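**Q** Predicted model follows, preceded by the sequence.
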Amino acid sequence: MRSPRLLPLLLALPLACAVIPSFADTSGLPTDPRKRLEALQHALVAAAMDTQTRVRTAAWVDSTGKLHENTRITSDMKVRGVRVQSYVNAEDGPSAAIVAESRGATPSEDICKANVQRYRREATLETALRITTSGADRYQWAMLMDQARARLVSRATINRAWQLSTPANIPSTAYDRMLVGAVPDISPYHMVIELLPPGALAIEPIRPKQSFREKSAQMVKTAVNYVTDEPRRSNPVPFVMRLSVYERSNQRLLWQDAVPFFFPERELVTTSQPLPPGLLSELDRVLDGWLKSMDNNFSCRPQQFNVLQETPNGWVINGGQIAGLSAGDQLLLMNREHLPARILEPDSAQHLALVEVVSVASGRAVVRQLAGPASITRSGDWVATPF
């Protein structure tokens, strides 16, 4: 178990603003998990009170003539995360000294770099050909997709920010799934590399206009090939490559980028031939740019693991040794349908708990409750975030 004195505590809130990096102050650090959870809740309430709040009240009379009222209090608190600097003793109980940007702030590169944790993000990666083709051309496109996938996996492994794996092959029928013992993927993220026809997404690859000298050289080359009976060559083929990152639990699109390409001209032969070196070098350049863009984007996103199921010992989450979790790690468990937007409501404490990892496998872990409500309802979008 990590010492609580190593406390860059990151409260993962899946929203859109910046985290101010700072080093933890260990003065007044509560050793009781209930005090820690209470301090975090007080800090969130204080941060929400500094933003605009809305109160919505509904009232109705049922068939028996009884009056019912429902009040919902929401805030505009938009923070990517709350980093605890220190714990303090407020008048109404323990709290936490936190630093969070106001709504609409844009996280800087330095702030995002300071938010990098020791955890890796797990994702499945699949490829999809959206270009209508057949025969030898389809073989070339398949080679390109295989290269794109292999090179992205290799770069992500070296970068250590992502762990990419092949999606599970799930049969379409329940009988076949039981026959082969198919297990669905549980990793938090899913990536897709797609090859699209030119003009897709309003992206049209455009080649630079040739100069008179280039046009003349092309005409001479065509004439020489005709006289010397050189093998015929195909025309350059434009296409678009797109990479998308989804959150698996709700298929929400988190990040996406598309880049125009040209498949260079090549000899028309009856045997297989490798991909043109120029195309592969351009592919490497695009993949490096994508990984850099994702690093900048996800470094400001809190690490979150979905709650998969309840067990007699606690809950199972879709994060394990591959993601960097280990036994003894403490996580914050929250219901994203209520927090943090509805942190000001009286029952917000029922949607927040402190848990500890008791057992861990490669892709999942079991956590048990340390502090929080006596009974946690399983309904809702519950996630766990490490700190």
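**A** Structure received. Numbers count the residues shown, from 1 in each chain.
**Q** Show me the shaky parts of the stretch 1-150 of the chain.
**A** For the stretch 1-150 of the chain, applying pLDDT under 70 flags the ranges 1-30, 47-63, 68-117.
**Q** Kindly recompute the last result at 50.
**A** For the stretch 1-150 of the chain, the stretches flagged by pLDDT under 50 are 1-29, 78-88, 90-91, 98-107, 114.
**Q** what's the domain layout of this structure?
**A** Under the assignment automatic domain parsing, the domains of the chain span 9-116+300-386, 121-209+236-298.
**Q** ends of the shortest one, how far apart?
**A** Using C-alpha to C-alpha, to the nearest Å, the span of domain 121-209+236-298 from its first residue to its last is 9 Å.
**Q** Kindly list the longest helix within this protein.
**A** Secondary structure assigned by DSSP state H gives helix 135-159 as the longest helix of the chain.
**Q** and the next element down the chain from it?
**A** Heading C-terminal from helix 135-159, the first helix or strand you meet, by DSSP states H and E, is strand 162-165.
**Q** what number of residues lie near the closest residue in space to residue 237 that isn't next to it in sequence?
**A** In space, and not counting its chain neighbours, residue 237 is closest to residue 263: 4.1 Å by C-beta to C-beta, 6 or more residues apart in numbering. From N, CA and C alone the C-beta is placed, and that goes for glycine too. Residue 263 has 20 neighbours, counted by other C-beta atoms under 10 Å.
**Q** And residue 263, how far from residue 133?
**A** Using C-beta to C-beta, to the nearest Å, we find residue 263 at a distance of 11 Å from residue 133.
**Q** In which helix or strand does the closest residue to residue 329 other than its chain neighbours reside?
**A** Nearest non-adjacent residue to residue 329, counting by C-beta to C-beta, 6+ apart: residue 357, 4.5 Å away. Residue 357 is part of strand 352-360, with elements assigned from DSSP H and E.
**Q** repeat for residue 177
**A** Residue 177 is part of helix 174-180 when elements are defined by DSSP H and E.
**Q** Which secondary structure state is assigned to residue 242?
**A** Under DSSP: H, G, I helix; E, B strand; the rest coil, residue 242 falls in the strand class.
**Q** Give me the nearest residue to it, chain neighbours excluded.
**A** In space, residue 242 is closest to residue 258, 3.9 Å off (C-beta to C-beta, 6+ apart).
**Q** Which per-residue confidence value corresponds to the one you found?
**A** pLDDT, residue 258: 94.
**Q** For whichever strand or helix holds it, C-alpha coordinates in PDB please.
**A** In this assignment (DSSP H and E), residue 258 forms part of strand 252-263. The C-alpha coordinates for strand 252-263 follow below in PDB (Å, rounded to 0.1, in the frame of the first residue of the first chain):
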ATOM      1  CA  ARG A 252     -18.900   8.300 -26.200                       C
ATOM      2  CA  LEU A 253     -16.400   9.700 -28.600                       C
ATOM      3  CA  LEU A 254     -13.400  11.100 -26.700                       C
ATOM      4  CA  TRP A 255     -10.900  12.000 -29.400                       C
ATOM      5  CA  GLN A 256     -10.700  11.800 -33.200                       C
ATOM      6  CA  ASP A 257      -8.500  13.000 -36.100                       C
ATOM      7  CA  ALA A 258      -8.500  12.300 -39.800                       C
ATOM      8  CA  VAL A 259      -5.600  12.900 -42.300                       C
ATOM      9  CA  PRO A 260      -5.600  12.800 -46.200                       C
ATOM     10  CA  PHE A 261      -3.200  10.400 -47.900                       C
ATOM     11  CA  PHE A 262      -2.100   9.400 -51.400                       C
ATOM     12  CA  PHE A 263      -1.400   5.800 -52.300                       C
END
